[in-house]
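Student: Structure for this input, please:
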Amino acid sequence: MAIYEMGPGAAAIEYFVVNWMLEKIGWTPAPLEPGRWTEGTFGGGVLTHGGSLANLTALIAARSAVRPDAWRQGNPGDLAVMVSGTHHYRIERAVGILGLGTRNLYDVPTDARGAMDPRALPPTLARLRADGKTPLALVANACSTAVGVYDRLRPLGEFCRDRDLWFHVDGAHGAAALLSPAYRHRLDGVELASSLTWDAHKMMRTSSVCAALLVRDHRTLDAAFQQEASYLFHDKEQPGFDFLHRAVECTKSGLGLRFYWVLAALGEEGLARYVERQYRLAARAYDDLQGLGWVETPVAPESNILCFRVRGSDARQLDLRKRILAAGDFYLTSTQFQDRRYLRLVFMNPDTTLDDVERLTEQIRRFGTDGPIAWREIEEHRQEGSEASKCCGDLPPSLLSTPSAYPTTCEIVAVSAGFDRRERDWGGLLATPGREDYRAIGESVEEHARLRCQGRRFGVLEGGYNHAVLGRNVESFLQGSSD
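Tutor: Below is the predicted model:
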């Protein structure tokens, strides 16, 4: 409950959790004595049902700071928000809900990693003002949802401080790095922020949902909502704190208790070890995928998020994801980054190990180089008339109109290498009945395919084969074609 009288235990725990988070940021926690809640400058906060509500509340507080009369008079129509091009959809949603209009979002250019470029802030602000707009806030990522990269908060915060701009950090996913001595530097400069969103249900082992909006100066949040309700707001003596004047919600779950039990069970060091473990796991998976010549990783992970793609089109990435999900061993999402589709791994489960990463890598290898994906890549090359299309050989026209008859990669390689599909005894490798030197067959098939391509390489010949499986399937393919 947001009213102490209606849920004193929940309100007290929420007050404790907010103060604990404020200390981790480096802000002054709120006093415990009721008589001092309106005195001096100290931090403040509120727990919400998710990061979307927390970010919405942050922009409401920013609006009250920039346009104190907006609550009564309405939006003046000139307010604009500067955001990274990789901002979470909830920022755009909050701007829409507030009635600011999404056309008043100004994207700040990003670097190759997808992080906001501090050098682009002056021209972006100048463009905003030239359009007759007033800056409401600058919103930074810590970290970005798509690829898990942190914006450089210190130069962004210094820019806003020098110009008296509201600086909001969306740390819903990555603020938990504040708990880790090894990764806290990712949020260097966060203390310069005006507000911060921090989800406990992301990287602090807490059940959904429990998010926090935290502010450096409690007065900015206390002024966010300006309404009267005589049945709730009146003079009263009580030992606890009412959060309603800081929140969209009145009736809500005991959110603080969800995180409090986790903190009590694991302690700060336990949570820090969890964050470090998951971040390092993502780094190790990155190293493993980097070793596969046919897998592309756009950026080195800075958190527990890792993106990758296999060679080929965007459709191929979604096809690979579909096959991995159908196998039922792993779950991964996808995202758009720099106008390309990537598959996205988020290492959240504390029981995930390096063995799991290796099994996933093998599954990516198997599904990413075999079957319908490889066939479709060859068709893309043929249709594009690229150099690689010269290596594809004469593929059976009947298969082009029969998706269910997609051959495996080894069959495509055999055809690409120019083998006579009617010849049982190719190269002598199949001459001896019962011979099962499938690895030799597979290696020979791949080598002949490369020779025919005159050294050119493209996705389906990019390596990563299990030569034994390749050879076994080629034998079956060639023998079956001669019947």
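Student: How about the secondary structure of the nearest residue to residue 109 once chain neighbours are set aside?
Tutor: In space, and not counting its chain neighbours, residue 109 is closest to residue 120: 4.3 Å by CB to CB, 6 or more residues apart in numbering. Any C-beta I mention is one placed from the backbone N, CA and C, and that applies to glycine too. Assigned with DSSP: H, G, I helix; E, B strand; the rest coil, residue 120 falls in the helix class.
Student: Give me the spatial nearest neighbour of residue 13, chain neighbours excluded.
Tutor: Going by CB to CB, 6+ apart, residue 13 has residue 256 as its nearest residue, at 3.8 Å.
Student: Name the residues that touch stretch 254-274?
Tutor: 1, 7, 9-10, 13-18, 20, 47-49, 176, 179-181, 200-201, 203-207, 209-211, 350 (CB atoms under 8 Å, 6 or more residues apart in numbering).
Student: Could you name the specific helix or strand carrying the residue nearest to residue 13?
Tutor: Element membership for residue 256 (DSSP states H and E) is helix 255-290.
Student: just residue 212 next, same as before
Tutor: Using DSSP H and E, residue 212 falls within strand 211-215.
Student: Adjacent strands (with direction) for that strand?
Tutor: Here strand 211-215 is paired, per DSSP bridges, with strand 44-48 (antiparallel), strand 195-199 (antiparallel).
Student: quick one: the first one to helix 255-290, angle?
Tutor: With axes from the mean of the first three to the mean of the last three CA atoms, to 10 degrees applied, the angle from strand 44-48 to helix 255-290 works out at 80 degrees.
Student: Compute the number of surrounding residues for residue 223.
Tutor: Residues near residue 223, counting by other CB atoms under 10 Å, number 17.
Student: Repeat that for residue 193.
Tutor: For residue 193, using other CB under 10 Å, the count is 27.
Student: Ok, the one 4 residues further on next?
Tutor: Residue 197 sits with 30 neighbouring residues when counted by other CB under 10 Å.
Student: Quick check: it touching residue 213?
Tutor: Yes. Here residue 197 lies in contact with residue 213, judged by CB atoms under 8 Å, at a distance of 5.8 Å.
Student: okay, and the common contacts of these two?
Tutor: 54-55, 58.
Student: Show the pLDDT at the residue lying closest to residue 203 once chain neighbours are set aside.
Tutor: Once flanking residues are discounted, residue 203 sits nearest to residue 176: 3.7 Å by CB to CB, 6+ apart. Residue 176 carries a pLDDT value of 98.
Student: Need the three-state assignment for residue 176.
Tutor: helix.
Student: residue contacts, it?
Tutor: Applying CB under 8 Å, 6+ apart, the residues near residue 176 are 198, 202-204, 271, 275.
Student: gap between it and residue 339?
Tutor: 30 Å (CB to CB, to the nearest Å).
Student: Same check on residue 270?
Tutor: 41 Å.
Student: more crowded one of these two?
Tutor: residue 270 (13 against 6).
Student: thinking again about what came up before, so how far is the helix holding residue 256 from its chain's centroid?
Tutor: Put simply, helix 255-290 sits 16 Å off its chain's centre (CA atoms, centre = their mean, to the nearest Å).
Student: Quick check: buried residues in that helix?
Tutor: The neighbour-count check on helix 255-290 (16 or more other CB atoms under 10 Å) flags 255-260, 262-263, 271-283, 285-286, 288-289 as buried.
Student: And the contacts of residue 176, which is closest to residue 165?
Tutor: Nearest to residue 165 out of the contacts of residue 176 is residue 198 (CB to CB; 21.0 Å).
Student: can you pull the contacts of that closest one?
Tutor: 21, 54, 171-172, 175-176, 211-212, 214.
Student: what about 10 Å?
Tutor: 21, 24-25, 45, 47, 51, 54, 142, 169-176, 178, 190, 204, 210-214 (CB atoms under 10 Å, 6 or more residues apart in numbering).
Student: again with residue 220
Tutor: Contacts of residue 220 (CB under 10 Å, 6+ apart): 44, 58, 61-62, 64-65, 166, 194-195.
Student: Show me what the closest residue to residue 289 other than its chain neighbours is bridged to.
Tutor: Spatial nearest neighbour of residue 289, excluding adjacent residues (CB to CB, 6+ apart): residue 295 at 4.8 Å. Beta-bridge partners for residue 295, by DSSP bridges, are residue 310.
Student: Residue 295 contacts residue 310, correct?
Tutor: Yes. Using CB atoms under 10 Å as the test, residue 295 is close enough to residue 310 to be in contact (5.8 Å).
Student: The two: which is more packed in?
Tutor: residue 310 (25 against 20).
Student: Could you verify my assumption that that one touches residue 361?
Tutor: No. Look at residue 310 against residue 361 with CB under 10 Å: they stay out of range, at 11.8 Å.
Student: anything in contact with each of these two?
Tutor: With CB under 10 Å, 6+ apart as the test, residue 310 and residue 361 both reach 289, 292, 295, 368, 464.
Student: Least confident of these?
Tutor: Within the shared contacts of residue 310 and residue 361, pLDDT is lowest for residue 464, at 39.
Student: wait, is residue 139 part of a strand?
Tutor: Yes. Counting by three-state DSSP, residue 139 is found in a strand.
Student: In contact with it, which residues?
Tutor: 55, 58-59, 62, 81-84, 87-88, 91, 94-95, 105, 108, 116, 151, 156, 166-170, 195, 197 are the contacts of residue 139 under CB under 10 Å, 6+ apart.
Student: Sort out which of the residues you listed are buried, if you could.
Tutor: 55, 58-59, 62, 81-84, 87-88, 91, 94-95, 105, 108, 116, 151, 156, 166-170, 195, 197.
Student: Next, count neighbours for residue 307.
Tutor: Residue 307, neighbours per other CB under 10 Å, totals 28.
Student: about what we covered before: save the strands paired with strand 211-215 as JSON lines, and put in distance to residue 238 and mean pLDDT too.
Tutor: Formatted as JSON lines, the strands paired with strand 211-215 follow (distance: least, CB to CB, whole Å; pLDDT from 0 to 100):
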{"stretch": "strand 44-48", "distance to residue 238": "18", "mean pLDDT": "97"}
{"stretch": "strand 195-199", "distance to residue 238": "27", "mean pLDDT": "98"}
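Student: Reformat those into a markdown table and put distance to residue 131 next to each item.
Tutor: What follows is the strands paired with strand 211-215, written out as a markdown table (distance: least, CB to CB, whole Å):
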| stretch | distance to residue 131 |
| --- | --- |
| strand 44-48 | 32 |
| strand 195-199 | 25 |
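Student: quick one on the thing from earlier: looking at the shared contacts of residue 310 and residue 361, spot the one nearest residue 357.
Tutor: Set against residue 357, the nearest of the shared contacts of residue 310 and residue 361 by CB to CB is residue 289 (9.1 Å).
Student: That closest one against residue 342, yeah?
Tutor: No. In this structure, residue 289 is not within contact of residue 342 by CB under 10 Å, at 11.5 Å.
Student: ok, back up a step: for the residue nearest to residue 13, give its distance to residue 134.
Tutor: The value you get for residue 256 to residue 134, if CB to CB is used, is 36 Å.
Student: now swap in residue 367 and tell me
Tutor: Distance of residue 367 to residue 134, computed by CB to CB: 51 Å.
Student: All good on my end, thank you.
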